[in-house]
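Asks: Predicted structure and sequence below. I'll ask about it afterward.
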Amino acid sequence: MSLKSRSFEDAEHAFSGTQKTFGRSIAPLILALILLSMVSLIALAAIGYFKIDDQVQGKLLERAHSALQTESLHLEYTLLEYSYWDEAYQGLINTQSAEFIEDSITDYLFDTYSIKISLALDVEAAPLVAHVDGQWIDMTQAQIDELGVSRWVKQVAKVDEYPFIVSGIQRYQGALYMIQVGRFINYDSEMPEEDGSSFLVARLLDQSYLDNIAERYHLPGLRLTSETNQEHPLKMALTQPQTGPVMGLWWREEGVVNTYIDDLIPAVLVVIVLLVGITWLVIRRDHENRQNYVNQLFELASKDFLTGVSNRREFFHLAERELNRSKRDRSPMCLLMMDIDNFKKINDSLGHEGGDKVLSGFTHVVQKNLRSIDVLARIGGEEFSAILVTTDKDTALDVAERIRHAVNIYPFPEVNSAPVQCTVSVGLAHWDGEESLSNLLNRGDEALYCAKGNGRNQVSIAEPI
C-alpha cells in the first residue's frame, strides 16, 4: 500500500464523524422516497380493488341494459322496414308470394340479419307465412302456442301510437329469442292496416350472438345463465311477458386491478427499476461527494498549501510509521534535511511572489529525483525533509548529490525579467535501526548546519551515534 493510500485512510479515520454525518444525511430521504412509492402503489391497488371496482360493476350493469336496449332498437328498425312497406304487406299478407319470401325474407332477413323466425300474422294470430331457420314451414298449433303468438298479437293490437310495435323476450324450443311484433302500417295514412295483420321477427340469443354483443359493448364473458347456476350467478334477469323471469345474463367481473393487471405489473416494475436506479445514482453521487469532501479535508489538514507536498504535521506521522515499518522489516532508511541557500536574500530581492515561485520550482526538482514511496515535506519556510525508505547510506548520498546538482542547473522562472539561481544545502542522516525519530531528526539538522557552515551548496553526512 502506498503512503498516499495509507494517509488517505488516516484522514478518513480522523474525520470519520464528519463523513458519517454527511453520508447519512441522504439515507433517510432515499428510504422515505422508496417507502412512499411502495405505499402509494399499494394504496392505488386497494382503491382500485375496493372502490373503483364497485363503480365499474355498476357501469357494467348499465352497459348490459344499454346493450340489450340498443339491440332491441336495431331489431325494431329491421321490423319497421317491413311493417311500413306496402310491398311487404302485399307479398306477405295478400298474396304470400314465394318469390317475395325468397328474396326479402330468406336472402335478406335470414342471411343478412340472422333473423331466425319471421311470421306474417292475420288478426286471429294465424301465421299466413312462417319462415323459420331459413325455411318456409307450416307451424303446428303447439309451436304457435309455445312461441306465444296469440299473446304477442293481442299486445300489439292495444298499441295506438306509432310505430305500433311491442318487444320482449320469449323462450321457444329450449332457446331464448328477442321478439319484435309490429302492425302493418299503410304508407299513405300512416295508420295500421284495417285487417289487423302484423309481422313478427325473432332473433336467437345464442352464444355466438352474445359473444358479438360482449365484444361490441365490452361485457367480458357475457353468457346466458339461470338463478340456480352457482358457477355463473345471474346478474341481470331477462323477463318474458306474463310469465316473469325466464333466464338471465352473466358477465365476468373484471375490475380495474384484474382488468389491467398485465398493464400494471410492467408499470410497477418500471417504477421500481426507476426508484432503484435513482437510489443508486443518489448513493453514488453521495459517495463521490463524500470522497471529494474527505479529499479536501485531507488536503487542508495534511498538505502544504503552496507546494502541495506534506506539511510538518503529516511528515511526523508518516515518518514515524516508516520508522516502525523499517524496524519491523529490518530494512534501511535515511533522512535528508534540505535548506535553500540564502533564501532570505532571494525573498527580499524578488518579493514574496518570487520566493513562492522558487519554493514551487525547488519542490518540483526534488520530487523528480525521489520515488513515489519516499516522503517529502515542507517543514519550515525554506526547509524541506525527505524520508528515503528501504535506502542505505550510499544510495541516499547519491540521491542527495543528484538533487543538489539538479537544483544548481534548474532554470527557475524569471521574476521581473531577472534570472533566478539557487543552491541547496543537504544534511544526510542514516537510521541506525534503533534510534527514535526525534534523534534521527536532530542528527539530520546537525548535518545540515555542518553543510551550511562549510560554505553551503553541499551534502554533509551525520556522524553515527
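Replies: That came in fine, so what should we check first? Numbering: from 1, shown residues only.

Asks: Now do stretch 407-414: distance from first to last residue.
Replies: Counting by Cα to Cα, to the nearest Å, the length from the leading to the trailing residue of stretch 407-414 is 15 Å.

Asks: quick one: contacts of that stretch?
Replies: The set of residues that contact stretch 407-414 without belonging to it, under Cβ atoms under 8 Å, 6 or more residues apart in numbering, is 357-358, 361-362, 365-366, 419-424, 457. Quick note: C-beta positions are derived from backbone N, CA and C, even for glycine.

Asks: go again using 6 Å as the cut-off
Replies: Around stretch 407-414, the neighbours that count as contacts under Cβ atoms under 6 Å, 6 or more residues apart in numbering are 357-358, 361, 365, 420, 422-424.

Asks: Which strand or helix spans Gly182?
Replies: Counting by DSSP states H and E, the element that carries Gly182 is strand 175-183.

Asks: tell me which residues in that strand are buried?
Replies: By neighbour count, with 16 or more other Cβ atoms under 10 Å as the criterion, the buried positions of strand 175-183 are 176-183.

Asks: returning to that earlier point: so how do I select the buried members of the contacts of stretch 407-414 in PyMOL?
Replies: Only the buried members of the contacts of stretch 407-414 enter the following PyMOL selection, criterion being 16+ other Cβ under 10 Å:
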select buried, resi 357+358+361+365+420+422+424
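
Asks: helices or strands next to whichever strand or helix holds Asp286 in the packing?
Replies: Applying DSSP H and E as the criterion places Asp286 in helix 261-302. Under the contact criterion of 3 or more Cβ pairs under 6 Å, 6 or more residues apart in numbering; DSSP states H and E, helix 261-302 touches helix 16-24, helix 27-47.

Asks: For the shortest one, what does the pLDDT average out to?
Replies: Just to be clear, that refers to helix 16-24. Summarised as a single mean, pLDDT over helix 16-24 is 47.

Asks: and if you look at the longest one?
Replies: Averaging the model's pLDDT scores along helix 27-47 yields 68.

Asks: On the three-state scheme, Gln170 is what?
Replies: Three-state call for Gln170 (DSSP: H, G, I helix; E, B strand; the rest coil): strand.

Asks: And it, how far from Trp152?
Replies: Applying Cβ to Cβ, to the nearest Å, one obtains 8 Å for the distance of Gln170 from Trp152.

Asks: ok so, going back, following the helix holding Asp286, which helix or strand comes up?
Replies: Stepping forward along the backbone from helix 261-302, the first helix or strand reached (DSSP H and E) is helix 312-329.

Asks: State the next helix or strand along the chain beyond that following helix.
Replies: As assigned by DSSP H and E, the chain's next helix or strand after helix 312-329 is strand 333-340.

Asks: so where's the stretch 51-200 of the chain shaky on pLDDT?
Replies: 51-58 (pLDDT under 70).

Asks: returning to that earlier point: partner strands of the strand holding Gly182 and their direction?
Replies: strand 165-172 (antiparallel), strand 198-204 (antiparallel) (DSSP bridges).

Asks: And the first one, how far out from the chain middle?
Replies: Relative to the centre of its chain, strand 165-172 is centred 55 Å away, using Cα atoms, centre = their mean, to the nearest Å.

Asks: Make 26 the first number, not 1, from now on.
Replies: Sounds good: first residue 26 from here, last item strand 190-197.

Asks: Name the residues that touch that strand?
Replies: 97, 101, 171-173, 180-181, 202, 204-207, 263, 265-266, 271.

Asks: thought Met358 was touching Ser351?
Replies: Yes. Assessed by Cβ atoms under 6 Å, Met358 is found in contact with Ser351 at 4.4 Å.

Asks: ok so, going back, relative to helix 337-354, how tilted is the helix holding Asp311?
Replies: Here helix 286-327 runs at an angle of 90 degrees relative to helix 337-354 (axes from the mean of the first three to the mean of the last three Cα atoms, to 10 degrees).

Asks: What's the mean pLDDT across helix 286-327?
Replies: Taken as a whole, helix 286-327 has an average pLDDT of 76.

Asks: Now Val157: phi and psi?
Replies: Note on Val157: backbone dihedrals following degrees, to the nearest 10 are phi -130, psi 130.

Asks: thinking again about what came up before, name the stretch among the strands paired with strand 200-208 that sits most buried.
Replies: strand 223-229 (a mean of 24; mean count of other Cβ atoms under 10 Å).

Asks: Using PDB, write out the CA atom coordinates for the helix or strand just after that one.
Replies: Counting by DSSP H and E, the element after strand 223-229 in chain order, helix or strand, is helix 232-242. What follows is helix 232-242, C-alpha atoms only, in PDB (Å, rounded to 0.1, in the frame of the first residue of the first chain):
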ATOM      1  CA  GLN A 232     -73.700 -17.700 -27.500                       C
ATOM      2  CA  SER A 233     -72.400 -16.500 -30.900                       C
ATOM      3  CA  TYR A 234     -74.700 -13.500 -30.800                       C
ATOM      4  CA  LEU A 235     -73.800 -12.900 -27.100                       C
ATOM      5  CA  ASP A 236     -70.100 -13.000 -28.000                       C
ATOM      6  CA  ASN A 237     -70.700 -10.400 -30.600                       C
ATOM      7  CA  ILE A 238     -72.500  -8.200 -28.100                       C
ATOM      8  CA  ALA A 239     -69.700  -8.700 -25.500                       C
ATOM      9  CA  GLU A 240     -67.100  -7.600 -27.900                       C
ATOM     10  CA  ARG A 241     -69.000  -4.500 -29.100                       C
ATOM     11  CA  TYR A 242     -70.200  -3.400 -25.700                       C
END
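
Asks: Relative to the next helix or strand after helix 232-242, what are the paired strands and their orientations?
Replies: Following the chain from helix 232-242 toward its C-terminal end, the next helix or strand by DSSP H and E is strand 248-250. The pairing partners recorded for strand 248-250 under DSSP bridges are strand 269-275 (antiparallel).

Asks: Check which residues of the partner strand are buried.
Replies: Using 16+ other Cβ under 10 Å as the test for burial, strand 269-275 gives 272-275.
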